[in-house]
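>>> Provided below are the primary sequence and the corresponding predicted coordinates.
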Amino acid sequence: MYKQTMMCVKEYPQWDNVPSAHTDRKYVQFRLTPNDYAFGQKILFWRQCQLLNHLCKNKYDIQFRKSIFPETELFNIPNTTFVDDPDDLDTYTHLNREHLHRIFSTNKVYGTLDDRIIINSWMLHENGLFPARNTDPMPIKVNTIKDPISKIELKYSEFDKIFKRAFGKYYTVHVRRMNGVWFKNEDLEGLPVAAKKLYKKERHDSELLSNSMGFRYIKDKMYQKQMDAILLKDPKAHFYIASDANPVMFKHWRKDYNIITQDDVLDQFKCALSLRYDHLDENLIKLYLDFVAMAYSKGIIAHAGSAFNVTASRFRGAKLYNVRS
């Protein structure tokens, strides 16, 4: 049976909600940023499309560009087709934020959607709707169905047991510090001198507004407060630090906590992956390591502004302990 097309074009430069981002002269075609695959955002974006398709009685074939979804090497994404970069996106009807918000806030599909629609904005947070211009967020009834993220599978199912065995004994701490995170100099007070210098040297420049609390630097002590609460209930708890920062920056944590970082297990992880893969990009391997470490752990201590830790939690049901600045 012929299916209509719902094309997802999650983009980075120029941000997300520009209908013609793919034709903007400043846009780097079909690229995210070199140091951020935006995997969590793309999965939440895909989740939104799955829920919208559910409201449309599954009449759409959901499509993603292969070029912006290198993670398809690692996961089987259900009910989704991955296609070569299309050159006719301007012929699709763009479904804007206001239309999406109206659909999800009322649980009704307004108007007849075209047989080819393009979506490069997303409305759904993990628990409901982001605020719209004229409307307060409302719960969405479609959210009562089993979350689509839990239906994603590993490309090779045998890794499921390997990851459970490797990471099931840890709590994970997702410390986002580099790409897109803004800070003030006083935020670095209390860090060892070497860590402070390394942080300032390696941190990525960002054009984000400094009033964005979702990308605000969170101090070590805020994560450690939650770690201490876990240790009261589980005195032998061990922690895996998942971070986009250099693992050396967490060396001083070892004085007070049983931790491991990506550096401690990366070679072993590569060895396990070599059973099935022999050509994965280094950045993709590191992303995969942190994602599955969180997903298969006892729980994820993480800042509330990251789609990466949200999707890891929903993927395999790891409890999420949110921390704020």
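That came through, no problem.
>>> so where do the helices sit in the stretch 1-150 of the chain?
Assigned by DSSP state H, counting those that start in this stretch, the stretch 1-150 of the chain shows helices spanning 39-55, 97-106.
>>> as CSV, those helices with distance to Asp87 and mean neighbour count would be great.
In this view, the C-beta of every residue, glycine as well, is placed from N, C-alpha and C. Formatted as CSV, the helices of the stretch 1-150 of the chain follow (distance: least, C-beta to C-beta, whole Å; neighbours: other C-beta atoms under 10 Å):
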stretch, distance to Asp87, mean neighbour count
helix 39-55, 21, 21
helix 97-106, 25, 18
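>>> those: lowest mean pLDDT?
Sorting the helices of the stretch 1-150 of the chain by mean pLDDT places helix 97-106 lowest, at a mean of 83.
>>> tilt between it and helix 39-55?
For helix 97-106 against helix 39-55, the angle by axes from the mean of the first three to the mean of the last three C-alpha atoms, to 10 degrees is 60 degrees.
>>> kindly export helix 97-106 (C-alpha atoms) in CSV.
This file holds the C-alpha atoms of helix 97-106, laid out as CSV (Å, rounded to 0.1, in the frame of the first residue of the first chain):
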residue,chain,number,x,y,z
ARG,A,97,5.6,24.8,15.4
GLU,A,98,2.2,26.4,15.8
HIS,A,99,0.5,23.6,13.8
LEU,A,100,2.4,20.9,15.7
HIS,A,101,1.5,22.4,19.1
ARG,A,102,-2.2,22.6,18.1
ILE,A,103,-2.2,18.9,17.1
PHE,A,104,-0.5,17.7,20.3
SER,A,105,-2.3,19.9,22.7
THR,A,106,-5.7,18.7,21.5
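>>> now for that helix, which elements pack on it?
In terms of contacts (3 or more C-beta pairs under 8 Å, 6 or more residues apart in numbering; DSSP states H and E), helix 97-106 is packed against helix 39-55, strand 128-129.
>>> can you tell which of the helices of the stretch 1-150 of the chain is closest to Tyr156?
helix 39-55 (18.1 Å; C-beta to C-beta).
>>> would you format the helices of the stretch 1-150 of the chain as TSV with distance to Val9 included?
Formatted as TSV, those follow (distance: least, C-beta to C-beta, whole Å):
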stretch	distance to Val9
helix 39-55	9
helix 97-106	14
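>>> closest one to Ile119 among those helices?
Judging the helices of the stretch 1-150 of the chain by C-beta to C-beta, what sits closest to Ile119 is helix 39-55, at 6.3 Å.
>>> send the alpha carbons of the closest one over as CSV?
Extracted in CSV, the C-alpha atoms of helix 39-55 (Å, rounded to 0.1, in the frame of the first residue of the first chain):
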residue,chain,number,x,y,z
PHE,A,39,21.7,12.1,18.9
GLY,A,40,19.4,12.8,21.8
GLN,A,41,17.7,15.6,20.0
LYS,A,42,17.2,13.6,16.9
ILE,A,43,15.7,10.7,18.8
LEU,A,44,13.2,13.1,20.6
PHE,A,45,12.5,14.6,17.2
TRP,A,46,11.9,11.1,15.8
ARG,A,47,9.7,10.3,18.8
GLN,A,48,7.5,13.3,18.0
CYS,A,49,7.1,12.1,14.4
GLN,A,50,6.2,8.6,15.6
LEU,A,51,3.5,10.0,17.9
LEU,A,52,2.2,12.3,15.2
ASN,A,53,2.1,9.3,12.8
HIS,A,54,0.1,7.4,15.4
LEU,A,55,-2.5,10.2,15.4
